[in-house]
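Engineer: model this:
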Amino acid sequence: MASRAHLLFQLSQLYSVDVIVVDSRLKCDLIVVQDQASIVNIIMTNYLFAFVSAILTPCIHAARPRSQDPMLGDYAEPLRSHKCRPSDPESFPVVYAAFYLWYGNPETDGKWIHWNHITLPHWDKHIDAQHPRFNWNPPAEAHAPFRPLKGLYSSANNETLIQQFQEMADAGIDVAVTSWWGQANFKGKRDDADSGANTDLLMNQVLAAAEKSGVKVAIHVEPYGERNAWSVKDDIKYIHETYGHHPALYRRRRKDLSATNIYDPKWSGPSLPVFFLYDVSAQHVSRQDEKSEWRNMITEIRGSKYDGVLYGLYIGI
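Structural biologist: Below is the predicted model:
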């Protein structure tokens, strides 16, 4: 682990990256994300990118003690406190964690949400035919590889949210990358399971709980039904206007790529909200006109009052 941390730190400086993603569940060796002016590029050793279980910038909170690894300098200290200081929001290391809000139970929501996630068909019909369909039946059989020690909770329960954010803070997590499935008044299908979860309705609770803990919140714009470049532009505007004033919303400046000393990164421009965009890649955006729409949308928000730092799976667009 220490050698991997050392390597990631060196790569983060070599490529002037903003984020390094390590997906422990998929055992994806390395994903490097680089903000290049107006859009994001990803260099990776394995094309395995689905649900990110840990996003580390850079992944060095488990590095060796400084005396054993002088190259890491001050960054070799283990992370125990929040690093997203208002005066220096880009301070290293910054630890992100994916945070999902689509869980509900009868006590809080009047029904099960997502714990009874339907079994989705495999995209390969031959593989799909090899596996019988079944329905998850909570609370005895819940759709989750691990059962929470506190039971099948509701994401809408305020006490649960406050406790979860405090636990994230205690674990050294700086930013909760919050799964967001469209604006509250969106009438279409939100997620593939059609679970009925309206995550936008919970955002004020989430931000309030985050503020109590000191953890920040970034928005992960998920592939809700009929999402496209222009609906995402409207989402970014909506998030700016609805939540942009909140102190718990995570902001950062862009890296100044003209800085010559890679071991002393510089940051420039205003602090902007951070957005993660799910499924924006050549695999998911195949038509040339769609690619142009994403490029044009990003160009339109650049330098406007609705600008943001955008991270996503960007390959070949």
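Engineer: so where do the helices sit in this structure?
Structural biologist: Along the chain, the segments classed as helices by DSSP state H run 2-14, 106-109, 125-129, 158-170, 203-213, 229-243, 288-301.
Engineer: Any chance of a markdown table for these, columns mean pLDDT, mean neighbour count and distance to residue 252?
Structural biologist: In short, each C-beta sits where N, CA and C put it, glycine included. Output for the helices of the chain, formatted as a markdown table (pLDDT from 0 to 100; neighbours: other C-beta atoms under 10 Å; distance: least, C-beta to C-beta, whole Å):
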| stretch | mean pLDDT | mean neighbour count | distance to residue 252 |
| --- | --- | --- | --- |
| helix 2-14 | 47 | 17 | 15 |
| helix 106-109 | 96 | 14 | 34 |
| helix 125-129 | 90 | 9 | 41 |
| helix 158-170 | 94 | 17 | 18 |
| helix 203-213 | 97 | 19 | 16 |
| helix 229-243 | 96 | 18 | 15 |
| helix 288-301 | 84 | 15 | 16 |
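Engineer: just so I know, which of those helices lies nearest residue 193?
Structural biologist: Nearest of the helices of the chain to residue 193, taken as C-beta to C-beta: helix 106-109 at 15.1 Å.
Engineer: Can I get that closest one in PDB, CA atoms only?
Structural biologist: Output of helix 106-109 as PDB, limited to C-alpha atoms (Å, rounded to 0.1, in the frame of the first residue of the first chain):
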ATOM      1  CA  PRO A 106     -41.600   1.800   5.300                       C
ATOM      2  CA  GLU A 107     -41.000   3.600   8.700                       C
ATOM      3  CA  THR A 108     -39.800   6.800   7.000                       C
ATOM      4  CA  ASP A 109     -40.900   6.600   3.400                       C
END
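Engineer: Name the residues that touch it?
Structural biologist: 112, 154, 156, 157 (C-beta atoms under 8 Å, 6 or more residues apart in numbering).
Engineer: For these, please prepare CSV with the additional fields neighbour count.
Structural biologist: Formatted as CSV, the contacts of helix 106-109 follow (neighbours: other C-beta atoms under 10 Å):
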residue, neighbour count
112, 22
154, 21
156, 20
157, 19
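Engineer: who wins for proximity to residue 194 among the helices of the chain?
Structural biologist: Using C-beta to C-beta, these put helix 106-109 closest to residue 194, at 15.4 Å.
Engineer: beta partners for the closest residue in space to residue 280 that isn't next to it in sequence?
Structural biologist: Nearest residue to residue 280 in three dimensions, chain neighbours excluded: residue 312, at 4.4 Å (C-beta to C-beta, 6 or more residues apart in numbering). Here residue 312 sits in beta bridges with residue 277, as judged by DSSP bridges.
Engineer: Residue 312: neighbour count?
Structural biologist: Using other C-beta atoms under 10 Å, the number of residues around residue 312 comes to 21.
Engineer: quick one: which of the contacts of helix 106-109 is nearest to residue 144?
Structural biologist: residue 112 (11.8 Å).
Engineer: roughly how far apart are the closest one and residue 136?
Structural biologist: 9 Å (C-beta to C-beta, to the nearest Å).
Engineer: shared neighbours of the two, anything?
Structural biologist: Common contacts of residue 112 and residue 136 (C-beta under 8 Å, 6+ apart): none found.
Engineer: Setting aside sequence neighbours, what's the nearest residue to residue 235?
Structural biologist: residue 221 (5.8 Å).
Engineer: could you dump the contacts of helix 106-109 to a markdown table with pLDDT?
Structural biologist: Below are the contacts of helix 106-109 laid out as a markdown table (pLDDT from 0 to 100):
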| residue | pLDDT |
| --- | --- |
| 112 | 94 |
| 154 | 96 |
| 156 | 96 |
| 157 | 96 |
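Engineer: out of these, who's nearest residue 252?
Structural biologist: Relative to residue 252, and with distances defined as C-beta to C-beta, the nearest of the contacts of helix 106-109 is residue 156, at 28.8 Å.
Engineer: Next, give phi and psi for the closest one.
Structural biologist: Backbone torsions of residue 156, given as degrees, to the nearest 10, read phi -90, psi 0.
Engineer: ok, it - contacts?
Structural biologist: 104, 108, 109, 201, 202, 205.
Engineer: Try it again at 6 Å.
Structural biologist: 108, 109, 202 (C-beta atoms under 6 Å, 6 or more residues apart in numbering).
Engineer: tell me which of those is nearest to residue 256?
Structural biologist: Using C-beta to C-beta, these come closest to residue 256 at residue 202, 35.8 Å.
Engineer: Mind pulling up the pLDDT for the closest residue to that closest one other than its chain neighbours?
Structural biologist: Using C-beta to C-beta, 6+ apart and skipping the chain neighbours, the partner closest in space to residue 202 is residue 101 (5.2 Å). Residue 101 is assigned a pLDDT of 93 by the prediction.
Engineer: do residue 261 as well
Structural biologist: 76.
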